[in-house]
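Peer 1: Provided below are the primary sequence and the corresponding predicted coordinates.
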Amino acid sequence: MEVMLIASDRWSCTVRIRREYDDDKGDKHDQVKEETFGKVLANPEDVELAIRRAQKAVLNPGKPAKDFLTYNFDSKEEAASNELQFSRNLVVLEVRGMPYNLTLIDLPGIINSTENEDDTHLIQLIRKVVKSYISKPHTIIVAAISCKNDIDNQTVFALANEVKEGKQRTLGVLTKVDQIEEGCHDGWLGVMQGEKFPLELGYYMVRNSTKVELDEHIGAEEATWREKTFFEESTALQPLRDNKNLSQRLGVPSLIKMLSDILVQKVKQQLPDMKQSVDEQLKKTRTELAELPPVVQEKERADVLQQALRSLDRDAKLLLNAQGCLSSKHFVQRWHAIYEGMARRVFSTRPRFILLDADASGMVEASYGDSKDFDGDDEEGSFPAKLTLGQVKDIVAKERSYELPKFTPYTALQSVIQHFQGMWNEHAFQCLDKSAELLKTELNIIIVKHFGRFRDSHLESIVRLCMEDVVDQQYSEARKQITLLIEMESTERQPPFTLNRHYFEESHCRILERMKAEMCKYQMRGVDQQVLRQDVANALAALARIPGFQGMTQDQLLALKPCNPDVGEELPIMAATMAYFKVSSKRYVDYVALSITRLLYVRVAESIEGHVDRYLKRLSAEAAAGKRESANPLLLMKDGQADAGASRQWQDSEVVLSLVADDPKIAKQRGSLQAKLESLQATRSVLSRFAYLIREHWGVSTGAEGFGGTGGSVFLEVW
C-alpha cells in the first residue's frame, strides 16, 4: 500500500487502485492504470474499511472494482475466497490535511514458508517486490521490528545488505515494546544502544495501541498521551531515559521528527539532481504538447479541413518531385529502383544464339548477346530459349516463298525477333503493381500525418479510401497504356520499326563483325595460335599504311574472310535481331516508365485533393437531402464514384464538419500533459521556496539558487 501525506488545511482521504502489473503473467503494463475507489472520505474512521475493500478488489481482478465498494466482511473464510493470495498492484491513499508532505510505501512482510504447497512461489515473489522498492538509492527503509519476536530471525537486515548502501539507509523501529516479556528487556536495550545489529540511522521505540484501545476508537492525541505515559513510567526502560540521545528516540512524535529531519537532509542533498530531473521532464512535456495538434474550435473546422486537404495535395506533389524532406528523396530512389529492376529483367530476355554445332572434335558453342552489349546484370531464370543455327535455318526455310536465292524472307526476321519478346508484358505489369503499392504506402504516411488526428471521426479512413480509389483508377489507365505499348512492339501485329537508324545500323555492323570473326577463329582452331597472332598483327600493320584502313581491329580483319555459304543468310538475321532488340528494348522500358510516371504517379498527385473534395460535396448533398446522417466510411462509394454527387459546398455541412471534431483521445492526452505540466511547474515553485528556506534557516547552499524548484520525492519504505 502507498500512503501519500499532503500538507493541507482540511483533512480528506482519497482511495485509489493502481494497476501496474498483469497478475497472470507478472509483466509490467505499458501504461499504468489508476482508478478512484469510491468517494473522497471526510471521516478518518471510514478509512480502515475502505482500505480493506480496496485490497479485496485488488486480490480479485476478475471482477469490477465497483463491486467491492459496499462489500461486507462477514465470512470466516475471507482470504480463501480471493482469486489471488498476493498482488503487485497497489492500494493508494492520498491523505490531505497533514502538517508535512511525505510518501510511504507499506511493503508486505517477508515470509519463509506457506501453508499450501501451491503458494510457495509467493516467497520469492514477495522478496522480489520488497527488493525492487528498497533498491532505490533515494529511499529510506523503515524496518518495523516487533519486540514480541526474536530479532535474530529478522530477514530485514539480510535484504538491506543485498542492496546498495541498504544498511546505511535503514532506520529500525521497535514496535510493541509494552509487550516485552519480563527479563527480556536487556536484549532490546542493547539494540537501542547499538550493541546488536547496529544501523547507521539507529533505532526508535514506539508503543502500539492495543486491540482494546483500537476497539474504543481512541483518538491520536489520547494514543500519544498513553504512549508518553508508558515511556515515562517504565522502569525497565530507565537506562534509555537516562541517556540524553536515546531518550529522544522514544515514541511516535520523536520518530516523526526524525523522519522529517531525514527528509530535509535528503532534499538538501538531492536538490541539484532534482533540478536537472524536473528540467528534463518539463522540456519533454512541453515538446510532447507542442507535437500534439492544436484544439479545433467549432468555428475553425472548415478552415482546418481545407488546410489539411491543401497540405495533402502539396506533400503528394513534393513527394514526386523529391523536394522538401529527405523521405521524399528516398521515395523517388525506391520508385526508380523499381523501374531499374524492370529494365534489367527486360534486358535479360536479349537474344542468345549458338553459332557452332557439334563436329567431330566435340560440341563447341558460342553465344552472342553478352551482358556488355546491354546495361545491367542478368536476372536469374528470365532467359528465353537459345536458338541454334539449325533452328534459325528452319525458320528461314519455313518463311521462304518466291524470294530469289540469297534474298532472305523479311517475315523470318520478324519470327526470330518475336521469339525474344514473349516476357516483356509480364515484367512491365510487375513494375506497375510494385509502383502502385509503393505509392499507396507513401500516400498513407502523408494521410496519417495530416488526418491521423481525426481517426475516430472516420475522416482519415475517408481520405484513405478516396486515395485508394484514385490510385486504382489511374492504375487501370496505366495498364491500358502498357498493353498498347506491348502491342506496338509486338512483331506479330506489325513489322519491326525504328527511325533510330544510326544506332541500329552501327549495332548491326558491330555484332555481325563479331559473329564472322568468331566463325573464322573456329575454322582456324588447328593453326598455331602464337603464329596466328603474329600474322594477324603483321596484317593489321600493313593495312594501317593504306588510307581508310587505319585503326582496324582483329575482329574487323577476320570478318573480311568470306562466310561459309551455309550460314550466309542466318548470320545477318541473328545480327539484325540483336541490334533491333537493343533499339526496341531500351525504347520500351523508357516508355513503360514514362507511362507509369505520368498516368499513375503524377495523375494521382494531381487528383487526390479534388477526389476528396468531390466526395465531401456528395456527402454534404446527401446529408442535406436526408439520405445520410453520418460520414461512416463503410458507405463510401456504395452507390457510385465520389465525383457522382451534387455540387453543394461542404463548408457549411454539419455532417462533414463533424469529421473535424477534436479527437477525444488526443483531447485526453492533451489534458493529461497539461495537468502534468502544471504539476511540474507547481513542484518547481514549491521546491524553490524550499531551497530558500534551507538557505535561510540552515545557512546551506543547495546548488539550486535561482532555479525555481525541482521535482522528486523521498520515499520511506515501511516494513
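Peer 2: Happy to help now that I have it.

Peer 1: make it CA atoms for all contacts and neighbour counts henceforth
Peer 2: OK.

Peer 1: can you give me the offset of the host helix or strand of L680 from its chain's centre?
Peer 2: Secondary structure assigned from DSSP states H and E places L680 in helix 664-693. Remark: helix 664-693 is offset 28 Å from the chain centroid, using C-alpha atoms, centre = their mean, to the nearest Å.

Peer 1: Just list the residues touching S607, thanks.
Peer 2: V470 (C-alpha atoms under 8 Å, 6 or more residues apart in numbering).

Peer 1: separation between it and S476?
Peer 2: S607 sits 15 Å away from S476, going by C-alpha to C-alpha, to the nearest Å.

Peer 1: can you check K164 too?
Peer 2: Per C-alpha to C-alpha, K164 is found 69 Å from S476.

Peer 1: now swap in A223 and tell me
Peer 2: According to C-alpha to C-alpha, A223 stands 87 Å off from S476.

Peer 1: neighbour count winner among these two?
Peer 2: When A223 and S476 are compared for neighbours, A223 comes out ahead with 19 against 14, by other C-alpha atoms under 10 Å.

Peer 1: wouldn't that one be in contact with R207 here?
Peer 2: No - at 9.0 Å, A223 and R207 do not qualify as touching, with contact defined as C-alpha atoms under 8 Å.

Peer 1: Where do the strands of the protein begin and end?
Peer 2: Along the chain, counting by DSSP state E, strands occupy 2-7, 12-21, 28-36, 90-98, 102-106, 140-146, 170-175, 203-205, 353-354, 387-388, 715-718.

Peer 1: and these as a markdown table, adding mean pLDDT?
Peer 2: As requested, these are exported to a markdown table (pLDDT from 0 to 100):
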| stretch | mean pLDDT |
| --- | --- |
| strand 2-7 | 77 |
| strand 12-21 | 88 |
| strand 28-36 | 78 |
| strand 90-98 | 84 |
| strand 102-106 | 71 |
| strand 140-146 | 85 |
| strand 170-175 | 88 |
| strand 203-205 | 92 |
| strand 353-354 | 84 |
| strand 387-388 | 84 |
| strand 715-718 | 43 |
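
Peer 1: out of those strands, deepest packed?
Peer 2: strand 203-205 (a mean of 25; mean count of other C-alpha atoms under 10 Å).

Peer 1: Other residues contacting that one?
Peer 2: 171-175, 177, 191-192, 249-252, 255.

Peer 1: Kindly recompute the last result at 6 Å.
Peer 2: G172, V173, L174, M192, R249, L250, G251 (C-alpha atoms under 6 Å, 6 or more residues apart in numbering).

Peer 1: distance between stretch 31-47 and the chain's centre?
Peer 2: Relative to its chain's centre, stretch 31-47 lies at 36 Å (C-alpha atoms, centre = their mean).

Peer 1: End to end on it, go ahead and measure it.
Peer 2: End-to-end distance of stretch 31-47 (C-alpha to C-alpha): 28 Å.

Peer 1: Contacts made by it with the rest, please.
Peer 2: Counting by C-alpha under 6 Å, 6+ apart, S12, C13, T14, V15, R16, I17, R18, R19, E20 sit against stretch 31-47.

Peer 1: May I have the beta-bridge partners of the second one?
Peer 2: Beta-bridge pairing of C13 under DSSP bridges involves L41, V95.

Peer 1: ok, it touching V95?
Peer 2: Yes - C13 is in contact with V95 according to C-alpha atoms under 6 Å; the separation is 4.5 Å.

Peer 1: How far does stretch 580-595 sit from its chain's centre?
Peer 2: On C-alpha atoms, centre = their mean, the centre of stretch 580-595 falls 41 Å from the chain's centre.

Peer 1: now do stretch 8-19
Peer 2: The chain centre lies 37 Å from the centre of stretch 8-19; the measure is C-alpha atoms, centre = their mean.

Peer 1: who's in contact with that stretch?
Peer 2: Against stretch 8-19 from outside (C-alpha under 6 Å, 6+ apart): 33-37, 40-42, 89-98.

Peer 1: quick revisit: from the contacts of strand 203-205, pick the one nearest V531.
Peer 2: Closest approach between these and V531, by C-alpha to C-alpha: G172, at 106.3 Å.

Peer 1: Which pLDDT value belongs to the nearest residue in space to I573 that is not next to it in sequence?
Peer 2: Counting by C-alpha to C-alpha, 6 or more residues apart in numbering, L413 is the residue found nearest to I573 once chain neighbours are left out, at 5.9 Å. Per-residue pLDDT puts L413 at 87.

Peer 1: Can you give me the neighbour number for L413?
Peer 2: Counted with other C-alpha under 10 Å, residues neighbouring L413 total 23.

Peer 1: With R127 instead?
Peer 2: By other C-alpha under 10 Å, neighbour count at R127 equals 16.

Peer 1: E162 versus that one, what's the distance?
Peer 2: 11 Å.

Peer 1: How about S585?
Peer 2: Per C-alpha to C-alpha, S585 is found 75 Å from E162.

Peer 1: Of these two, which one has the most company?
Peer 2: More neighbours surround S585 than the other of S585 and E162, with 20 against 13 (other C-alpha under 10 Å).

Peer 1: In terms of pLDDT, where does the more buried one sit?
Peer 2: Note on S585: pLDDT of 93.

Peer 1: contacting residues around it?
Peer 2: Applying C-alpha under 6 Å, 6+ apart, we find S585 in contact with no residue.

Peer 1: What number of residues are in the vicinity of the closest residue to V583 other than its chain neighbours?
Peer 2: Nearest residue to V583, sequence neighbours excluded (C-alpha to C-alpha, 6+ apart): F504, at 6.5 Å. For F504, the neighbour count with other C-alpha under 10 Å is 19.
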